[in-house]
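**Q** here's my sequence, what's the structure:
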Amino acid sequence: MRREPLTLVEKECRTALNRVRGMPFDWSLNPYTGCEHRCTFCYVRAFEQRADRPSDDRYGRTVLVKTNVGAVLRGELGRRSWKREPVAIGSATDPYQPAEGRYRLTRGCLEALHDHRTPTHITTRGPMIVRDLDVLVALSRRVRVTVCVSVPSLDPEVVRRTEPGTAPPLPRLRALRALVDAGVRAGVLMAPILPGISDDPRALGEVVRAARDAGAAFAGVGALRLAPGTREHFMEHLAADWPEMVGEYRRLFGGRAGLPAAYTAGLQETVAKLREQVRMADRPATYITPEPQPEQLRLPMAS
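**A** Numbering: from 1, shown residues only. So this is what the prediction gives:
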């Protein structure tokens, strides 16, 4: 695949952890700003537009490298006020995009999370994660670790058109198998699912079966969202790649960022039935169990 021109900007950061509202987690960590994967559906484009930064085809052509993020993170995790709450990595940029091969910032952050016994949740489309198996195994022995490998479709044409900078699905599934074989709890995140493009039950079934065959602990699913910033970019690419779908998307989304509740509920139900059909269930016994947390000794009070 031809690489697009890319500019890497090295800059020190003041903070590493971000307090998050309205999400399933309270803290996020992103060693980079911007993402080389440049997915057409990326919801981060909406945040970029609100911050008055490019959300169109320019997004992802410049990646900010937080060169000191590991050291800053260690300082934050070392505070007496830190309660070892779960930290999500990859909520706004892929921690295993190609730049990580050079800078190894994600690895440094995982080492810091290990040393400070902090539960960790990682989302990635990058097979490079297998490079850090040693750290992930050590971290899993101390705290709860979950890795979500994003595989919304096995169709190479869908992936090529919507995820121009990512690795193909099969290398991601091989990375998933390597994680599972090492004892790291990992599964597949099928998101976003695109109406009329990747939501056919047969296509969804292929992903669920591939996830099961790779030993996935789970297979979650999420539907496309088109908030302002993401909407304009995605619809432009939809018109170029699937022009026959433009009218249907305008009807489905209307003026909303999300799809109708009936569609999302139906999608969840379809995938739940597929998981049952392939007898896919969480198998916690096959994954590393964290060691008991050390208890702080309490000195007896003087009488």
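
**Q** in the stretch 201-303 of the chain, which spans are helices?
**A** Applying DSSP state H, counting those that start in this stretch to the stretch 201-303 of the chain gives helices spanning 201-213, 230-241, 246-253, 261-277.

**Q** elements contacting the second one?
**A** What it means is helix 230-241. helix 44-50, helix 156-162, helix 246-253 (3 or more C-beta pairs under 8 Å, 6 or more residues apart in numbering; DSSP states H and E). C-beta here means a position set from N, CA and C on the backbone, and glycine is covered the same way.

**Q** and the first one, what's buried?
**A** Judged by neighbour count (16 or more other C-beta atoms under 10 Å), helix 44-50 contains these buried residues: Val44, Arg45, Ala46, Glu48, Gln49.

**Q** list of residues touching that helix?
**A** For helix 44-50, the external contacting residues (C-beta atoms under 8 Å, 6 or more residues apart in numbering) are 35, 54-55, 59, 92-93, 227-231, 233, 257.

**Q** now swap in the last one and tell me
**A** By C-beta under 8 Å, 6+ apart, the surrounding residues in contact with helix 246-253 are Pro195, Gly196, Leu226, Arg231, Met235, Leu238, Ala239, Leu259, Pro260, Tyr263.

**Q** model confidence over stretch 221-239, on average?
**A** Averaging pLDDT along stretch 221-239 gives 95.

**Q** start to end distance for it?
**A** One end of stretch 221-239 to the other measures 25 Å (C-alpha to C-alpha, to the nearest Å).

**Q** same deal with stretch 130-147?
**A** End-to-end for stretch 130-147, by C-alpha to C-alpha: 11 Å.

**Q** go on, stretch 50-67?
**A** 25 Å.

**Q** quick one: buried residues of that stretch?
**A** Pro54, Ser55, Tyr59, Gly60, Thr62, Val63, Leu64, Val65, Lys66.

**Q** and what of stretch 175-183?
**A** Ala175, Leu176, Arg177, Ala178, Leu179, Val180, Ala182, Gly183.

**Q** which positions in stretch 263-277 come out as buried?
**A** Buried, per 16+ other C-beta under 10 Å, within stretch 263-277: Tyr263, Thr264, Leu267, Thr270, Val271, Leu274, Arg275.

**Q** quick one: mean pLDDT for it?
**A** Rounded mean pLDDT across stretch 263-277 is 97.

**Q** what residue spans form the domains of this protein?
**A** Domain assignment for the chain by automatic domain parsing gives 1-148, 151-224+259-284.

**Q** tell me which helix or strand comes right after the one helix or strand in the chain whose mean pLDDT sits lowest.
**A** Ranked by mean pLDDT, DSSP states H and E, the weakest helix or strand in the chain is helix 44-50, scoring a mean of 79. Going down the chain from helix 44-50, the next helix or strand is strand 62-66, by DSSP states H and E.

**Q** looking at that following strand now, give me its mean pLDDT.
**A** 95.

**Q** so what strands line up beside that strand?
**A** Strands adjacent to strand 62-66 in the sheet, as given by DSSP bridges, are strand 7-11 (parallel), strand 32-33 (antiparallel).

**Q** so the residue nearest the centre of the chain, which of the three states?
**A** Centroid check for the chain by C-alpha atoms, centre = their mean gives Thr123 as the closest residue, at 2.5 Å. Recorded secondary structure, Thr123: strand (DSSP: H, G, I helix; E, B strand; the rest coil).

**Q** to Gly187, which of the helices and strands packed on helix 230-241 lies closest?
**A** helix 156-162 (18.9 Å; C-beta to C-beta).

**Q** buried ones in the closest one?
**A** Val158, Val159, Arg161, Thr162.

**Q** returning to what we had before: distance from the chain centre to the least confident helix or strand of the chain, please.
**A** A distance of 17 Å separates the centroid of the chain from that of helix 44-50, by C-alpha atoms, centre = their mean, to the nearest Å.

**Q** pLDDT averaged over the lengthiest strand in the chain - what is it?
**A** When the chain is parsed with DSSP state E, its longest strand is strand 186-193. For strand 186-193, mean pLDDT is 97.
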